[in-house]
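K.L.:
this one's sequence-less:
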């Protein structure tokens, strides 16, 4: 079944070339079917890249999925045109009276800042509070995961001695959990962050389940007991070359970022990296949509 996206969204042409079944919102209105309504709060600076990454994964399901893109009204992104934002995105005031089956809150390049110092923090807290009653399940990614852990569960973040950057092995603690059904016991996933959260605090929180940790013992997949909030501290949605693009960007800025670990073949940034986490990315998003959105959301919202 298709994902339904705004008509003329640039990502649509690329998804068609990848043979991913998409349908624009005009045609979708003629379908006699109850689709899943997914809201995506895209906080990433290069929004079009993130749109493509997420839509590709959400399209790998037998369910029809309607997508609504959300932006902050208290902060204007500098890396995407105002036309794109105005044409394809909405703001919270325009959807706050609606209910959604699922929501995704992405990462954001603000993790070194205190949460309260982020320009749109107050707006984000209103949105996260709203999800308690208006969204069946919310998937939080990277900084979005840290924000959720802080707001919903009182677990803060701390800065790392150096950037966690590369592709790491992860252990799956709870293979029978529906979110990771079909996962291998050891799998790969990319990370790109300067901060982390306490594994001990998560393990001792009565409302949280730690499902997966990295080879260095850092929390990776965390879930509230009812699946209402799911936190992913890395970037399973990344393309094969996303970390390479970030590394090139950091080098251009003179940040002294070390080469991503376990990423480039022969540790040579001139070689094309392999997409070693692709299958688990598709599986996680498919499991989330099936078990925590489709099977949990009421037919009539």
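P.N.:
Cool, got the structure. Not measured: the values here are computed from a predicted model.
K.L.:
let me see the mean pLDDT of stretch 205-214.
P.N.:
Averaged across stretch 205-214, the pLDDT comes to 96.
K.L.:
buried sites along it?
P.N.:
Within stretch 205-214, the residues scored as buried using 16 or more other Cβ atoms under 10 Å are 205, 208, 209, 210, 211, 212, 213, 214. Placement of C-beta: from N, CA and C, glycine included.
K.L.:
chain center to that stretch: distance?
P.N.:
Relative to its chain's centre, stretch 205-214 lies at 18 Å (Cα atoms, centre = their mean, to the nearest Å).
K.L.:
can you pull the contacts of the closest residue in space to residue 174 that isn't next to it in sequence?
P.N.:
Spatially, and ignoring its direct neighbours in sequence, residue 174 is nearest to residue 211 (5.0 Å; Cβ to Cβ, 6 or more residues apart in numbering). Going by Cβ atoms under 8 Å, 6 or more residues apart in numbering, residue 211 touches 172, 173, 174, 177, 179, 180, 220, 221, 222, 223.
K.L.:
hmm, 6 Å instead?
P.N.:
173, 174, 177, 180, 221, 223 (Cβ atoms under 6 Å, 6 or more residues apart in numbering).
K.L.:
any of the residues you listed buried? List them.
P.N.:
Applying 16+ other Cβ under 10 Å to these flags 177, 180, 221, 223 as buried.
K.L.:
residue boundaries of the helices in this protein?
P.N.:
Assigned by DSSP state H, the chain shows helices spanning 11-17, 25-28, 47-58, 82-88, 121-134, 143-153, 199-203, 242-252, 278-287.
K.L.:
if we can go back for a sec, which one of the buried residues of stretch 205-214 is nearest to residue 191?
P.N.:
Ranked by distance to residue 191 (Cβ to Cβ), the buried residues of stretch 205-214 are led by residue 214 at 7.3 Å.
K.L.:
what's the neighbour count on the residue lying closest to that closest one once chain neighbours are set aside?
P.N.:
The shortest distance from residue 214 to any non-neighbouring residue, by Cβ to Cβ, 6+ apart, is to residue 168 (4.7 Å). When neighbours are counted by other Cβ atoms under 10 Å, residue 168 registers 22.
K.L.:
again, but for residue 152
P.N.:
The tally of other residues near residue 152 (other Cβ under 10 Å) stands at 20.
K.L.:
that one - nearest residue in space that isn't next to it in sequence?
P.N.:
Per Cβ to Cβ, 6+ apart, closest to residue 152 is residue 229, 5.9 Å.
K.L.:
and the one you found, how far is that from residue 130?
P.N.:
Remark: distance between residue 229 and residue 130 (Cβ to Cβ, to the nearest Å) = 13 Å.
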